[in-house]
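Colleague: sequence first, predicted model second:
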Amino acid sequence: MKAVVIAEPGRIEFGTVADPTPGPRDVVVAVTACGLCGTDLHILQGEFAPTLPIVPGHEFAGEVVAVGSAVTEIRTGTRVAVDPSLPCRECYYCRLGRGNLCERWAAIGVTVPGGAAEFVSAPVANCVVLPEHVETADAALIEPLSCAVRGYDVLRSRLADRVLIYGSGTMGLMMLELAKRTGAATVDMVDINTDRLTTARLLGCSNAVTSADEIDQPRGWDVVIDATGSAAAIQDALGRVGKGGTFLQFGVSDYATRAVIEPYRIYNHEITITGSMAVLHSFERAAELFASGVLNPEVFISDRLPLADYAQALDLFKAGQGRKIQVLP
């Protein structure tokens, strides 16, 4: 089959690799669409994936074309979205129900071959069957949405919170949509990319600005979310949290990224600083939300390129162009 391979840091290859074969409780999915995200860029930089080469792609959906000998729940021809998470289910954190913190953390497209290929193998337990009205290619958005749902699980939002989100790329916009639906009084967006701010306005944010200084909020915000991973954005965001507020590190940073905190202010203002890691008991809920129309795929998906153009697609993502970029086998 044809597949993208990150052979070593900084080098992408496109060629032929062996077709996957399903284990007893696995299925093989013919990939319809695979989304790109910051994790893929980090893997290209030599971070996150424990070993290279690897076929990337952890946001994907497609049609089941083969099933393992012990699979009875799903038949060939079934359209599915796939949760890429592969917790060991045996370690300390897995036994606590915190599989996203697994001591032997693994994921499709990160530690085992992923969806940037014509076919991919996945556990049947990770597959969510798509309803008829959901387009298969659009359903590749379910995985990033499930990360956003996990973020809101961590936040435990209150009604009438004032929310400030840094970054109006795909993930920031998803957090905007969830903030609107979890009772936020206002949702403000900050981004230096004015094209992306246009989309934030389209989706109904309260303010879309290039600096939080442009918004009159003298007491700060109840919830501040970084969806950029940028050191400058994170540093500014930490200073915008109001008394009793919460800062959520949602964007994925480089390993070397650093920010300075003010311990006395955290103590004196009772500020909570927390993080959200990938997916945890949120994929099925994200699939339900997606089927209900919580996201408009025509707004969220800006580019669909052939699989062979994966390197070009990743360059577009790195340059901050568009929103969700997909590759199609």
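Modeller: All right, it came through fine.
Colleague: ranges for the strands of the stretch 151-300 of the chain?
Modeller: Taking DSSP state E, counting those that start in this stretch, the strands of the stretch 151-300 of the chain run over residues 162-166, 186-190, 207-209, 221-226, 241-249, 272-275.
Colleague: for G114, what are its contacts?
Modeller: G114 makes contacts with C34, I54, V55, P56, G57, H58, F60, P84, I108, V120, as judged by CB atoms under 8 Å, 6 or more residues apart in numbering. The way it works is simple: take the backbone N, C-alpha and C, and place the C-beta from them, glycine included.
Colleague: the lowest-mean-pLDDT helix or strand in the chain packs against which elements?
Modeller: When the helices and strands of the chain are compared on mean pLDDT, DSSP states H and E, helix 38-44 comes out lowest with a mean of 93. In terms of contacts (3 or more CB pairs under 8 Å, 6 or more residues apart in numbering; DSSP states H and E), helix 38-44 is packed against helix 310-318.
Colleague: could the strands of the stretch 151-300 of the chain be laid out in CSV, adding distance to A7 and mean neighbour count?
Modeller: Output for the strands of the stretch 151-300 of the chain, formatted as CSV (distance: least, CB to CB, whole Å; neighbours: other CB atoms under 10 Å):
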stretch, distance to A7, mean neighbour count
strand 162-166, 34, 26
strand 186-190, 37, 25
strand 207-209, 40, 19
strand 221-226, 32, 26
strand 241-249, 31, 20
strand 272-275, 31, 13
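Colleague: of all the ones you listed, which lies closest to L41?
Modeller: The closest of the strands of the stretch 151-300 of the chain to L41 is strand 221-226. By CB to CB, the value is 16.7 Å.
Colleague: that closest one packs against which elements?
Modeller: So strand 221-226, by 3+ CB pairs under 8 Å, 6+ apart, packs with helix 142-155, strand 162-166, helix 170-181, helix 231-238, strand 241-249.
Colleague: which one of these has the most crowded surroundings?
Modeller: A comparison of the helices and strands packed on strand 221-226 by mean neighbour count, using mean count of other CB atoms under 10 Å, puts strand 162-166 on top with a mean of 26.
Colleague: list the contacts of it.
Modeller: 172, 175-176, 179, 184-191, 212, 215, 217, 221-228, 230, 233-234, 236-237, 240, 242, 251.
Colleague: swap the cut-off to 6 Å and go again
Modeller: 172, 175, 179, 184-190, 221-228, 233, 237, 240 (CB atoms under 6 Å, 6 or more residues apart in numbering).
Colleague: same thing with stretch 78-98?
Modeller: So stretch 78-98 is contacted by 58, 61, 63-64, 99, 101-104, 106-109, 122, 126-130, 136, 139, 142, 279, 283 (CB under 6 Å, 6+ apart).
Colleague: just the buried ones from the residues you listed?
Modeller: 58, 61, 63-64, 99, 101-102, 107-109, 122, 126-128, 130, 136, 139, 142, 279, 283 (16 or more other CB atoms under 10 Å).
Colleague: mind listing which of those residues are in helices?
Modeller: I142, F283 (DSSP state H).
Colleague: of all the strands of the stretch 151-300 of the chain, which one is nearest T21?
Modeller: Of the strands of the stretch 151-300 of the chain, nearest to T21 by CB to CB is strand 272-275, at 37.1 Å.
Colleague: the closest one pairs with which strands, parallel or anti?
Modeller: strand 241-249 (parallel) (DSSP bridges).
Colleague: how far is the strand it pairs with from where the chain is centred?
Modeller: Relative to the centre of its chain, strand 241-249 is centred 22 Å away, using CA atoms, centre = their mean, to the nearest Å.
Colleague: residues in contact with that strand: which ones?
Modeller: With CB under 6 Å, 6+ apart as the test, strand 241-249 has contacts from 155, 219-226, 238, 269-275.
Colleague: so how far is L155 from the residue lying closest to D236 once chain neighbours are set aside?
Modeller: Nearest residue to D236 in three dimensions, chain neighbours excluded: A212, at 6.8 Å (CB to CB, 6 or more residues apart in numbering). Per CB to CB, to the nearest Å, A212 is found 19 Å from L155.
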